[in-house]
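**Student:** Pasting a predicted model and its sequence here:
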Amino acid sequence: QVHLVESGGGLVQAGASLRLSCADSGRSFTSYAMGWFRQAAGKERDFLAAIDWSGGSTNYADSVKGRFTISRDNAENTVTLQINSLKPEDTAVYYCAATLDYTPSVMWNVDEYDYWGQGTQVTVSS
């Protein structure tokens, strides 16, 4: 069983950085590939980044490459998303998700994920 809880969101000014965390209280975290998504008000949930079970393979949406970094700590059952140079358009609810299958070509697809956290709000002021 996987139970994901995101944290680290908040209200920040443009140009700042944030480090979002997603913790799993279950016992099988290392079996899962993890992804980060975000959903702005009135919009669809968009893929940001994914990482395989070992942390050795990652992939990113083109729109966030160079600004976002995904990583994981299997000893702590956490996956993080470092966001630099925040922009007002980064305002959204950020979600982490887990899947047993890591296939880079489909990690963008919300339907590939089996478990989701409740989300953490990030608001960027100009």
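**Tutor:** Done, it's in.
**Student:** Around residue 107, count how many other residues there are.
**Tutor:** Number of residues near residue 107 (other Cβ atoms under 10 Å) recorded here: 25. All C-beta atoms are positioned from the backbone trio N, CA, C, and that covers glycine.
**Student:** any idea how far residue 32 is from residue 118?
**Tutor:** Using Cβ to Cβ, to the nearest Å, residue 32 is found at 17 Å from residue 118.
**Student:** In terms of neighbours, single out the busier of these two.
**Tutor:** residue 32 (25 against 10).
**Student:** so where does the residue nearest the centre of the chain fall, helix or strand?
**Tutor:** The centroid of the chain falls nearest to residue 36 when counting by Cα atoms, centre = their mean (2.2 Å). Using DSSP states H and E, residue 36 maps to strand 33-39.
**Student:** For that strand, give me every contacting residue.
**Tutor:** 20, 22, 45-53, 68, 70, 72, 79, 81, 90, 92-102, 107, 110, 113, 119, 122 (Cβ atoms under 8 Å, 6 or more residues apart in numbering).
**Student:** Which parts of it count as buried, going by neighbours?
**Tutor:** By neighbour count with 16 or more other Cβ atoms under 10 Å, strand 33-39 contains the buried residues 33, 34, 35, 36, 37, 38.
**Student:** Stretch 7-15 too?
**Tutor:** 8, 9, 12.
**Student:** And for that stretch, what's in contact with it?
**Tutor:** With contacts defined as Cβ under 8 Å, 6+ apart, stretch 7-15 is touched by 18-23, 85-88, 93-94, 120-126.
**Student:** Return the list of strands paired to the strand holding residue 36, each annotated with direction.
**Tutor:** Partners of strand 33-39 in the sheet, by DSSP bridges, are strand 45-51 (antiparallel), strand 92-99 (antiparallel).
**Student:** Can you tell me which of those is nearest to residue 1?
**Tutor:** Ranking these by proximity to residue 1 (Cβ to Cβ) places strand 92-99 first, at 10.6 Å.
**Student:** Return that closest one as CSV; C-alpha atoms alone will do.
**Tutor:** Extracted in CSV, the C-alpha atoms of strand 92-99 (Å, rounded to 0.1, in the frame of the first residue of the first chain):
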residue,chain,number,x,y,z
ALA,A,92,-0.8,25.5,-9.3
VAL,A,93,-1.5,22.5,-7.0
TYR,A,94,1.4,20.2,-7.2
TYR,A,95,0.9,16.4,-6.9
CYS,A,96,3.1,13.4,-6.6
ALA,A,97,2.1,10.0,-7.9
ALA,A,98,3.4,6.5,-7.9
THR,A,99,3.4,3.7,-10.5
